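Engineer: Show me how the following folds:
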Amino acid sequence: MITQLCGELEKCINNKNSVCPITKSDCYNPNGVSLIFRNTLQSPKFLEKKIILISDAPYNFPGSPNGYPNLNAQTVNEFIRLHFQQYGLERASARRGQNLPLSECVAKPSEIFDFIYLTFHPIFKNALKSQWAQEFVERIYWTSYCKRSYKQTEMPNSCVELLKKEIELLQPNLIISVMKKGSYPVIFRETYDNLELKQNKAKGIFKWTFNCGNSTTDMAIFPNPSGANAKMKGEFYNQKDYITNLIHGIHKRL
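Structural biologist: Below is the predicted model of the structure:
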């Protein structure tokens, strides 16, 4: 199954046309580079636990994080080394500290890398600092609703079928999602609010059924960690006991 999925991902990575090779529809960003960590799929550390993180899109790739022109990344490897490691995890560590207790990992994140640093903190406690980003991508399959940046355009549906294939072929043990609200019905056939109610009722990680009802996986959903989503994040992370159970459940899986 992983071989089949890698073939689909290669189509996306190598696509130089304006038409999506998966859906045959117009690509929303034919000049963009696909951010796909396909090497994760070959990692024994990932295959052992099969945890998937789904975000919206590689907003600052290719290119530089806002205000950091010296961290310009044009390839996936540069993204891991510059955006993820230096700009992301090391900056979060400088802000938050290292070896955080669970009580500090339930803090409201400021952006996606801060979210990763808090939510997956046991990975960073137990790895060399210089290897944090690489260790993460060996353990967690980070994918996205959009495989390319969608700056200056609305959230497209062009990558939906590939994301569905990723989920169904990998049959993950745990999905962690930080997508925008509008993405949930398209991918999961349920609204964010309905899924969050299930999560709240379960007081943490909950069961979700996929693949036409034949398979289930554990799921944890969070609001998009973008700084522009402050109100929704504030309401979500203000539920301290509930969020502590949720984050603790994820930490135990790592």
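Engineer: ok, now which ones touch the residue nearest to V33 when sequence neighbours are not counted?
Structural biologist: Leaving aside its sequence neighbours, V33 sits nearest to P62 (C-beta to C-beta, 6 or more residues apart in numbering; 4.9 Å). C-beta: built from backbone N, CA, C; applies to glycine. If you count contacts by C-beta atoms under 8 Å, 6 or more residues apart in numbering, P62 has them with G32, V33, N72, A73, Q74, T75, S149.
Engineer: Hmm, R81 is touching A133, no?
Structural biologist: Yes - counting by C-beta atoms under 8 Å, R81 touches A133, with 7.1 Å between them.
Engineer: The two: who's more crowded?
Structural biologist: A133 (23 against 15; other C-beta atoms under 10 Å).
Engineer: Which strand or helix spans the more buried one?
Structural biologist: In the assignment (DSSP states H and E), A133 maps to helix 132-139.
Engineer: which parts of the helix or strand of the chain with the lowest mean pLDDT are buried?
Structural biologist: Within the chain, no helix or strand scores below strand 206-210, which has a mean of 89 by mean pLDDT, DSSP states H and E. Within strand 206-210, the residues scored as buried using 16 or more other C-beta atoms under 10 Å are F206, W208, F210.
Engineer: how near is K231 to P58?
Structural biologist: Remark: distance between K231 and P58 (C-beta to C-beta, to the nearest Å) = 25 Å.
Engineer: what are the phi and psi angles of I51?
Structural biologist: Per-residue torsions, I51: phi -110, psi 130 (degrees, to the nearest 10).
Engineer: Excluding chain neighbours, what is closest to it?
Structural biologist: Leaving aside its sequence neighbours, I51 sits nearest to L174 (C-beta to C-beta, 6+ apart; 4.7 Å).
Engineer: ok, now which ones touch that neighbour?
Structural biologist: Taking C-beta under 8 Å, 6+ apart as the test, what L174 contacts is K49, K50, I51, I52, I205, T217, D218, M219, A220, I250, R253.
Engineer: which residues of the protein fall in strands?
Structural biologist: 51-55, 140-144, 174-177, 206-210, 215-221 (DSSP state E).
Engineer: Give the other helices and strands that the last one contacts.
Structural biologist: For strand 215-221, the helices and strands in contact under the criterion 3 or more C-beta pairs under 8 Å, 6 or more residues apart in numbering; DSSP states H and E are strand 174-177, helix 192-202, strand 206-210, helix 240-253.
Engineer: and T216, how many neighbours?
Structural biologist: If we define neighbours as other C-beta under 10 Å, then T216 has 12 of them.
Engineer: How much space separates P156 from L169?
Structural biologist: According to C-beta to C-beta, P156 stands 22 Å off from L169.
Engineer: which residues does the closest residue to H83 other than its chain neighbours contact?
Structural biologist: Nearest residue to H83, sequence neighbours excluded (C-beta to C-beta, 6+ apart): A73, at 5.4 Å. When contacts are counted by C-beta under 8 Å, 6+ apart, A73 touches F61, P62, G63, S64, F79, R81, L82, H83.
Engineer: Make TSV from those residues and add pLDDT to it.
Structural biologist: Listed next are those as TSV, based on pLDDT from 0 to 100:
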residue	pLDDT
F61	93
P62	93
G63	94
S64	95
F79	97
R81	97
L82	97
H83	97
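Engineer: What subset of those residues is buried?
Structural biologist: Buried members of the contacts of A73, scored by 16+ other C-beta under 10 Å, are F61, P62, G63, S64, F79, L82, H83.
Engineer: OK, contacts around the closest residue to the fourth one other than its chain neighbours?
Structural biologist: Leaving out its chain neighbours, the residue that sits closest to S64 by C-beta to C-beta, 6+ apart is N72, at 4.6 Å. Listed by C-beta under 8 Å, 6+ apart, the contact set of N72 reads P62, G63, S64, E78, L82.
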